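1. here is the input, now give the coordinates:
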Amino acid sequence: MKKKTDDSYEKLAASIKSGQIGSFYIFHGEERYLLEYSLAELRKRLCTGGLDGFNYKRFEGAEIQLNLNALDDAINTLPVFAERTLIEVHDFDIFKGSKKANDESDSSETSAPVKKAISDGNTDKQQLAEMFADLPDYVCVVFLFDTIPYKPDNRQKLDKEILKYAHVVEFSVQEQSKLTKWISRHFEAAGKKISKSDAEYIAFITDGHMTTLIGEIAKVSAYASGETVKRDDIDAVVMPVLNAFAYKLTDAILAHNHSTAMRILDELFQMREPSHKIIYNISLKMRQFLAARVCVENSLGKNALMDMCGIRFDFQASSLMATARKTTLSECRDAVLRCAEAAYDLNSAPESEARLTELVLRLAFGAS
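-> The predicted model follows:
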């Protein structure tokens, strides 16, 4: 069988569209929406008789763990009135049997039952490698990593043997430009328009996961009265993640809007967010603020700031640059130092809420 290399999501989408679908895939990654969408497209292409037919097989990890022969039988069963069979295996760790396990098996102190379990694990991997090396053209086998981590060990011979036959597709959170276009298309489908900056904003406050965004786009579209979705519409119905709450807090601090800053801080306390997470987010924003001022001092633009700080969305960098132009380098440095002092105090101070409140007030009022 021909050697396969890692496959990107874009290549997978192209192969499904063209019908040039491979025999062995491994799906993993945090963007569950794209994974489920791609799986649905594979099913539509290969399972023309539906998922209740003879040409669709689904196995759960625990089931395969007990009986690899069931998978082997499914692979070697010819499709019925169709060209191919789709076989899905959910949450089965095909890489089980790590270097640590192999090292333990060599130890003279390892008990006989443990040695047998390790040996059985490697035997399973060997059997899988042999299956994947000789997959018939009429099957498409997909292993999906969802509740278990995808952790191959490229130092292990059997792991490398398995991977060389696989199209490995990682479904990661999409980059800014692709995500904002996707958001705009889904608002258009709901009969609404949204600006690029507001599309970035809703992506940011939901952590940019499409699975979450689908529901939030529907809520905002139903709530917004106008043809164009506004920032106020988003804020009215979308619950921000912690990072977005902290972003709003630091926005209020930088705008010297102490009443808003204190209200948001109180909301974070009510949500029982740990103090170390709150101080981390405040400190991060103050360091970005300092970096923005450095960019201003050196006549650098927002792209330089985004590269320097790993900022994902344009609207964040634009806001930081605009605020940094209104302050001084020494003020930015002082803010960073105050955050460092507060973080140090929080490591030993039992009254963490009081210390955080003091920090936010001093930063919002611009006190030295």
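2. where do the strands sit along the stretch 51-200 of the chain?
-> Applying DSSP state E, counting those that start in this stretch to the stretch 51-200 of the chain gives strands spanning 56-60, 85-90, 139-144, 167-170, 193-194.
3. how about these in a markdown table, adding mean pLDDT and distance to Leu265?
-> (Glycine included, C-beta is placed from N, CA and C.) Shown next, in a markdown table, are the strands of the stretch 51-200 of the chain (pLDDT from 0 to 100; distance: least, C-beta to C-beta, whole Å):
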| stretch | mean pLDDT | distance to Leu265 |
| --- | --- | --- |
| strand 56-60 | 91 | 45 |
| strand 85-90 | 94 | 42 |
| strand 139-144 | 96 | 41 |
| strand 167-170 | 93 | 37 |
| strand 193-194 | 96 | 29 |
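4. looking at those strands, which is nearest to Ser319?
-> Nearest to Ser319, of all the strands of the stretch 51-200 of the chain, is strand 193-194, at 18.0 Å by C-beta to C-beta.
5. got the domain ranges for this structure?
-> 9-170, 176-237, 242-365 (automatic domain parsing).
6. against Val141, how distant is Asn67?
-> From Asn67 over to Val141 the distance is 16 Å, taken as C-beta to C-beta, to the nearest Å.
7. cool, Asn76 as well?
-> 12 Å.
8. ok, now Leu179?
-> For Leu179, the distance to Val141 - C-beta to C-beta - is 30 Å.
9. do the same with Arg333
-> For Arg333, the distance to Val141 - C-beta to C-beta - is 57 Å.
10. cool, Lys248 as well?
-> Using C-beta to C-beta, Lys248 is found at 46 Å from Val141.
11. a markdown table for the strands of the stretch 51-200 of the chain, including distance to Lys96?
-> Shown next, in a markdown table, are the strands of the stretch 51-200 of the chain (distance: least, C-beta to C-beta, whole Å):
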| stretch | distance to Lys96 |
| --- | --- |
| strand 56-60 | 15 |
| strand 85-90 | 13 |
| strand 139-144 | 12 |
| strand 167-170 | 17 |
| strand 193-194 | 45 |
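12. okay if I get those strands as TSV plus mean neighbour count and distance to Arg155?
-> Shown next, in TSV, are those (neighbours: other C-beta atoms under 10 Å; distance: least, C-beta to C-beta, whole Å):
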stretch	mean neighbour count	distance to Arg155
strand 56-60	17	28
strand 85-90	21	24
strand 139-144	22	21
strand 167-170	20	17
strand 193-194	20	47
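13. and those strands: which comes nearest Gln156?
-> strand 167-170 (15.6 Å).
14. which strands and helices sit next to that closest one?
-> helix 9-18, strand 24-28 (3 or more C-beta pairs under 8 Å, 6 or more residues apart in numbering; DSSP states H and E).
15. ok, 7 Å please
-> For strand 167-170, the elements it packs on are strand 24-28, judged by 3 or more C-beta pairs under 7 Å, 6 or more residues apart in numbering; DSSP states H and E.
16. neighbours around Ser283, how many?
-> Ser283: 19 surrounding residues under other C-beta atoms under 10 Å.
17. beyond the helix or strand encompassing Met262, next helix or strand please.
-> Assigned by DSSP states H and E, Met262 belongs to helix 258-270. Using DSSP H and E, the next helix or strand after helix 258-270 towards the C-terminus is helix 275-297.
18. got the contact list for that next one?
-> For helix 275-297, contacts defined as C-beta atoms under 7 Å, 6 or more residues apart in numbering pick out 242-243, 246, 249-250, 254, 268, 304-305, 308-309, 311, 320-321, 324-325, 327, 329, 332-333, 335-336, 339, 342-343, 346, 352-353, 356.
19. dump that helix to CSV, restricted to CA.
-> Taking C-alpha atoms only, helix 275-297 is exported to CSV below (Å, rounded to 0.1, in the frame of the first residue of the first chain):
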residue,chain,number,x,y,z
SER,A,275,-7.9,35.1,41.7
HIS,A,276,-4.7,33.8,40.0
LYS,A,277,-6.6,33.6,36.7
ILE,A,278,-8.0,37.1,37.0
ILE,A,279,-4.5,38.6,37.9
TYR,A,280,-3.0,36.6,35.0
ASN,A,281,-5.4,38.1,32.5
ILE,A,282,-5.0,41.6,33.9
SER,A,283,-1.2,41.3,33.8
LEU,A,284,-1.2,39.9,30.3
LYS,A,285,-3.3,42.9,29.0
MET,A,286,-1.0,45.4,30.8
ARG,A,287,2.1,43.8,29.2
GLN,A,288,0.3,44.0,25.8
PHE,A,289,-0.4,47.7,26.6
LEU,A,290,3.3,48.3,27.3
ALA,A,291,4.2,46.5,24.0
ALA,A,292,1.7,48.7,22.2
ARG,A,293,3.3,51.9,23.6
VAL,A,294,6.8,50.5,22.5
CYS,A,295,5.4,50.1,19.0
VAL,A,296,4.1,53.7,19.1
GLU,A,297,7.5,55.0,20.3
